[in-house]
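1. What follows is a predicted protein model with its sequence.
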Amino acid sequence: MITVKVKWIFVVVLGMSLFAHAMLPPPVRYEFSNVFDIVGPRAELLVRNASDEIEQRLADAARAEGYDTTEAWLLKNASSGDTKAQVLLGMRYRYGIGMHAEVNLAEAFKWFSKAAEAGFDGAQSQLADFYIHGVEVEQDYSKAAHLNRLAAEQGFARAQAILGQQYLNGHGVEQDYAEAARWLSLAVENNEPRAQCLLGKMYYYGTGVQQDDTQAANLLLLAAQQDYADAFSLLAALYLDGKGVERDIGKYLYWMERAAESGDPEPEKLLRMFLVSDNITKPDFRKAAIQGNTLAQYALGRAYLFGNVVDIDYVEAAYWNGLAAGQGHPHAQILLGHQYRYGHGVARDDERAAHWFRLAAEQGDADGKQLFAEHLRLGVGVEQDLPKAFKLFQEAATEGNAKAQYDLAMALYNGECTEPDREQALYWMKKAAENGWTEDEHILGVSYLFGEHVKQDIQYAIDMLGRSAAKGHIDSQALLGRCYFDGYGIDQDDEKALVWLEMAAEQGHAISQSLVGGMYLQGRGTDKNAERGYSLVMQAAQQGVAAAQHLVGQLYERGEGVDSDLHKAAYWYQLAVEQGFEDAKNALDGRTVKDMRQSPGP
């Protein structure tokens with residue numbers, strides 16, 4: 001059990017944060033000595049990582065030759081047969097480089113074709129992509145292989161890597177693992193990341209080469225350090241299994257997190273499963289957390305907070321969440337904020353809660369924005385700021401946070417933080433409901449049922465009311481039952497009406513009690529039961545429902561479900577009359593009970 005007191009968390013955090021940064025692989029910096037370097041083997045990496053600098057270099061080169069715009073300079077040189085300018089134009093159109101440049105694949109294909117015909121290796125490689133993917137031309141793997149071979153034989157690493165991949169997969173050439181390994185090895189000598197990754201996988205699986213985990217790990221690491229995402233998850237697996245490298249949970253978590261961030265859903269799924277498994281109880285996992293791995297710290301904090309795999313220990317949770325939060329992990333910041341909000345493992349402190357929610361929000365985390373907006377709206381732990389709260393609700397709602405969508409909807413509905421806008425409120429309520437937030441289902445049901453501020457959609461309204469009613473919302477139960485009772489927008493159905501109205505009646509909904517009582521008295525949707533009917537109608541009458549008071553008067557007058565008593569009948573009729581119920585007035589004026597007016601009440 002860690003014995004560090006919670007109050008020292010933030011002192012520890014600073015030291016751990018500095019230590020953790022030293023553990024991460026250094027960022028790769030892509031540099032080029034002159035503007036024409038971007039047409040070389042590392043063109044894609046340069047475009048991805050230094051597009052602003054590329055544009056500046058192009059602009060400088062254009063001005064040096066007396067041209068006002070980069071476009072005019074490139075077009076003049078390309079039209080004169082300058083192959084590098086042709087490739088630059090092609091790259092500009094393919095990737096949309098430049099302030100005013102837009103992706104134009106037809107133009108890119110045209111300029112790459114001109115340079116390729118002149119034997120320019122970079123253009124041949126780029127043009128091959130169009131044939132591989134069937135863009136602007138029919139897909140033709142053989143043509144792509146021919147172009148890649150031309151460039152590869154000139155030593156162009158990118159083309160060597162892709163040609164190796166074509167031999168590996170048998171695309172446009174006969175499948176040949178030995179040729180694949182040969183071309184990939186040549187590309188690896190030029191530090192080409194695709195080739196490093198593919199050859200690493202060949203060594204891992206023993207495909208066309210002698211199986212070798214160490215070689216696989218070395219090559220995959222080289223590719224991963226160049227941000228080649230396809231290498232991340234397999235490299236992570238090698239660190240987890242200790243194959244070709246020493247087992248290292250911290251590095252496994254780092255590369256798996258990178259793989260998950262790359263957009264591949266499978267690594268994200270595997271990582272989530274790992275972080276809630278008993279792996280987190282093992283010594284090397286705790287070691288990774290102690291050494292500063294934020295993901296390991298967050299996983300332990302979450303486990304201790306919710307009792308996942310380990311027993312709940314709020315103090316331990318605060319310790320690990322504090323470490324991860326101090327290093328900037330937004331989810332840990334949110335968990336720590338909740339601990340301060342509710343006093344779990346730390347002294348309750350609204351200011352500290354707001355502080356951690358704010359830090360998560362500043363990192364763009366939608367949950368953090370929604371939670372910090374709550375503090376700003378209420379002025380809890382922070383100075384009240386309604387405009388800022390509304391802005392954060394808007395941002396988080398746009399990013400898909402269901403609670404923020406509901407908060408935004410209610411702010412618009414009630415005119416809180418902004419002017420009322422029922423139409424926009426209902427839009428966000430619907431969004432929140434679609435994302436699983438249920439508190440606004442009743443309002444949505446009512447609005448769409450009667451077409452209030454939205455186009456009427458009875459089917460959607462019935463669906464929303466049904467969801468809300470099933471969760472026990474009394475008004476939804478009553479309204480849904482009334483729709484079935486009256487056949488409003490749907491087929492009239494006494495049995496379904498009785499189900500929902502009786503649920504509302506049991507929760508004390510007066511009008512529902514009156515309707516259900518009447519149904520039992522009439523045998524509508526159920527067997528006739530005068531005693532049950534009288535009991536429910538009386539409950540509604542006692543809550544002031546005029547129609548129920550009138551009906552109780554009738555029951556006493558007729559002796560239905562209760563002994564006949566004209567005095568009591570007159571009493572209930574009179575109560576209904578006082579509420580303007582015309583049928584009760586007619587009953588009092590009738591000959592049968594003409595003498596009721598002076599009769600004492602029950």
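-> Sure thing, it's come through.
2. Got the phi and psi for the most centrally placed residue in the chain?
-> Against the mean C-alpha coordinate of the chain, by CA atoms, centre = their mean, the closest residue is residue 400 at 5.5 Å. Residue 400 has phi and psi values of phi 100, psi 10 when expressed as degrees, to the nearest 10.
3. ok, how many other residues are close to residue 286?
-> If you count neighbours by other CB atoms under 10 Å, residue 286 ends up with 17. All C-beta spots, glycine's among them, are computed from the backbone N, C-alpha and C.
4. Excluding chain neighbours, what is closest to it?
-> Once flanking residues are discounted, residue 286 sits nearest to residue 300: 7.1 Å by CB to CB, 6 or more residues apart in numbering.
5. Residue 483 contacts residue 449, doesn't it?
-> Yes. Between residue 483 and residue 449 there is a contact at 7.5 Å, judged by CB atoms under 8 Å.
6. any residues in contact with both of the two?
-> With contacts defined as CB atoms under 8 Å, 6 or more residues apart in numbering, the residues shared by residue 483 and residue 449 are 462, 465, 489.
7. Tell me how far the helix or strand where residue 166 lies lies from the chain's centre.
-> Using DSSP states H and E, residue 166 sits within helix 157-169. Helix 157-169 has its C-alpha centroid displaced from the chain centroid by 37 Å (CA atoms, centre = their mean, to the nearest Å).
8. Output that helix as CSV, restricted to C-alpha atoms.
-> In CSV, the C-alpha atoms belonging to helix 157-169 read as follows (Å, rounded to 0.1, in the frame of the first residue of the first chain):
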residue,chain,number,x,y,z
ALA,A,157,13.5,4.3,-51.8
ARG,A,158,9.8,5.0,-51.7
ALA,A,159,9.4,3.1,-55.0
GLN,A,160,11.6,0.3,-53.7
ALA,A,161,9.3,-0.1,-50.7
ILE,A,162,6.1,-0.1,-52.7
LEU,A,163,7.5,-2.5,-55.3
GLY,A,164,8.5,-4.8,-52.4
GLN,A,165,5.0,-4.6,-51.1
GLN,A,166,3.6,-5.5,-54.5
TYR,A,167,5.8,-8.6,-54.6
LEU,A,168,4.7,-9.4,-51.1
ASN,A,169,1.0,-9.3,-52.0
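9. by contact count, what packs against it?
-> Applying 3 or more CB pairs under 8 Å, 6 or more residues apart in numbering; DSSP states H and E, we find helix 157-169 packed against helix 121-133, helix 141-152, helix 177-189, helix 193-205.
10. Could you dump the ones you listed into CSV and include distance to residue 307, mean neighbour count and mean pLDDT?
-> CSV is the format used below for these (distance: least, CB to CB, whole Å; neighbours: other CB atoms under 10 Å; pLDDT from 0 to 100):
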stretch, distance to residue 307, mean neighbour count, mean pLDDT
helix 121-133, 50, 25, 91
helix 141-152, 55, 22, 95
helix 177-189, 48, 20, 96
helix 193-205, 38, 25, 96
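11. would you turn the ones you listed into TSV with distance to residue 575?
-> Putting those into TSV (distance: least, CB to CB, whole Å) gives the following:
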stretch	distance to residue 575
helix 121-133	81
helix 141-152	88
helix 177-189	92
helix 193-205	84
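12. Go through these and name the closest to residue 102.
-> In terms of CB to CB, the element of those nearest to residue 102 is helix 121-133, at 17.8 Å.
13. ok and that closest one relative to helix 157-169, angle-wise?
-> Relative orientation of helix 121-133 versus helix 157-169 (axes from the mean of the first three to the mean of the last three CA atoms, to 10 degrees): 30 degrees.
14. Quick check: pLDDT value at residue 190.
-> Reading off the confidence values, residue 190 has pLDDT 92.
15. Hmm, residue 157 and it touching each other?
-> Yes. Residue 190 is in contact with residue 157 according to CB under 8 Å; the separation is 3.7 Å.
16. In terms of neighbours, single out the busier of those two.
-> The neighbour comparison of residue 190 against residue 157 (other CB under 10 Å) goes to residue 157, with 24 against 15.
17. residues near residue 386, how many?
-> Neighbours of residue 386 using other CB under 10 Å come to 16.
18. For the nearest residue to it once chain neighbours are set aside, give me its contacts.
-> Using CB to CB, 6+ apart and skipping the chain neighbours, the partner closest in space to residue 386 is residue 417 (4.3 Å). Residue 417 sits next to 377, 386, 387, 389, 390, 393, 411 when contact means CB under 8 Å, 6+ apart.
19. same thing but 7 Å
-> Counting by CB atoms under 7 Å, 6 or more residues apart in numbering, residue 417 makes contact with 377, 386, 387, 389, 390, 411.
20. same thing with residue 502?
-> Counting by CB under 7 Å, 6+ apart, residue 502 makes contact with residue 516.
21. Would you pull up how far the helix or strand hosting it lies from the middle of the chain?
-> Following DSSP H and E, one finds residue 502 within helix 494-506. Computed by CA atoms, centre = their mean, the chain-centroid distance of helix 494-506 equals 37 Å.
22. Likewise for stretch 165-184?
-> Relative to its parent chain, stretch 165-184 has a centroid offset of 40 Å by CA atoms, centre = their mean.
23. Just the buried ones out of the shared contacts of residue 483 and residue 449, please.
-> Among the shared contacts of residue 483 and residue 449, those classed as buried by neighbour count (16 or more other CB atoms under 10 Å) are 462, 465.
24. Of the shared contacts of residue 483 and residue 449, which is the nearest to residue 145?
-> Residue 145 has its nearest neighbour among these in residue 462, at 59.9 Å by CB to CB.
25. Could you find the closest non-adjacent residue to the closest one?
-> Once flanking residues are discounted, residue 462 sits nearest to residue 490: 6.0 Å by CB to CB, 6+ apart.
26. cool, residue 351 as well?
-> Per CB to CB, 6+ apart, closest to residue 351 is residue 381, 4.4 Å.
27. Tell me how many other residues crowd that neighbour.
-> The number of residues packed near residue 381 is 20, by other CB under 10 Å.
28. Residue 245 and residue 239 touch, don't they?
-> Yes. At 5.8 Å, residue 245 counts as touching residue 239 under the criterion of CB atoms under 7 Å.
29. And the two? Which one has more around it.
-> Applying other CB under 10 Å to residue 245 and residue 239 shows that residue 239 carries more neighbours, namely 23 against 19.
30. Which helix or which strand is home to the more buried one?
-> Taking DSSP H and E as the definition, residue 239 sits inside helix 232-241.
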